[in-house]
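> A predicted structure for the sequence below; I have some questions about it.
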Amino acid sequence: MPDSFLQIDAQRLAGSVESRIFLLRRQRVMLSIDLAELYGVERRALIQAVKRNLERFPDDFCFQLTREELANLKSQTVISTWGGSRTPPYAFTEQGVAMLSSVLRSDRAIAVNIEIMRTFVKLRSMLESKKELATLERKYDDQFRVVFDAIRELMNPPLSAKKKRIGFIQD
């Protein structure tokens with residue numbers, strides 16, 4: 001495949017990749033179903049390649065969804081079926097997706113993998129920006145609170161100051 005074709009194809013997939021990243025077991029993952037489609041291989045071929053190279057895919061790189069996780073994911077994403085697979089799909093973390101490039105050695109797999117890695121980096125950057133924004137908000141909230149407290153103090157007369165009565169006072 002010519003390089004320009006791979007670049008155009010990868011760019012077309014960029015938006016599609018982001019929508020295929022899910023949060024499962026407190027990790028951002030992509031499902032074997034989606035990865036197989038993106039790589040242009042059959043699901044069973046992708047899983048077969050992984051099983052042949054199990055030493056490259058420890059539990060923190062790849063895990064199989066439980067039936068409950070699959071049912072929950074289907075209900076959240078309003079997907080009724082994923083083609084009637086008899087077994088739940090596998091989930092690949094960012095490191096697992098990177099490792100797939102060493103197992104699937106096609107030009108398309110390389111181009112798609114690059115786009116997936118860029119998407120993971122973009123998501124991580126967005127999360128960091130959110131954290132930085134929250135930190136700035138807290139910092140400036142505290143500073144503005146001090147200013148508003150000082151203004152309130154200036155507006156209220158001090159309690160300790162007694163007013164002198166003017167006029168004749170009888171005992």
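Alright, I've got the coordinates.
> packing partners for the longest helix anywhere in the chain?
If you go by DSSP state H, the chain has its longest helix at helix 107-155. The helices and strands touching helix 107-155, judged by 3 or more CB pairs under 8 Å, 6 or more residues apart in numbering; DSSP states H and E, are helix 3-18, strand 21-24, strand 27-31, helix 32-39, helix 94-103. For glycine as for every other residue, the C-beta is placed from the backbone atoms N, C-alpha and C.
> can you give me the buried ones in the last one?
For helix 94-103, the neighbour count (16 or more other CB atoms under 10 Å) marks 94, 96-97, 99-101 as buried.
> just for this protein, where's the confidence low?
1-15, 77-85, 136, 142-143, 148, 157-166, 169, 171 (pLDDT under 70).
> 90 instead?
1-24, 26, 37-41, 67-88, 98-171 (pLDDT under 90).
> just the buried residues of stretch 53-67, please?
For stretch 53-67, the neighbour count (16+ other CB under 10 Å) marks 57, 61-63, 65 as buried.
> okay if I get these as a markdown table plus distance to Glu137 and secondary structure?
Output for these, formatted as a markdown table (distance: CB to CB, whole Å; DSSP: H, G, I helix; E, B strand; the rest coil):
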| residue | distance to Glu137 | secondary structure |
| --- | --- | --- |
| Phe57 | 40 | coil |
| Phe61 | 36 | coil |
| Cys62 | 37 | strand |
| Phe63 | 36 | strand |
| Leu65 | 36 | coil |
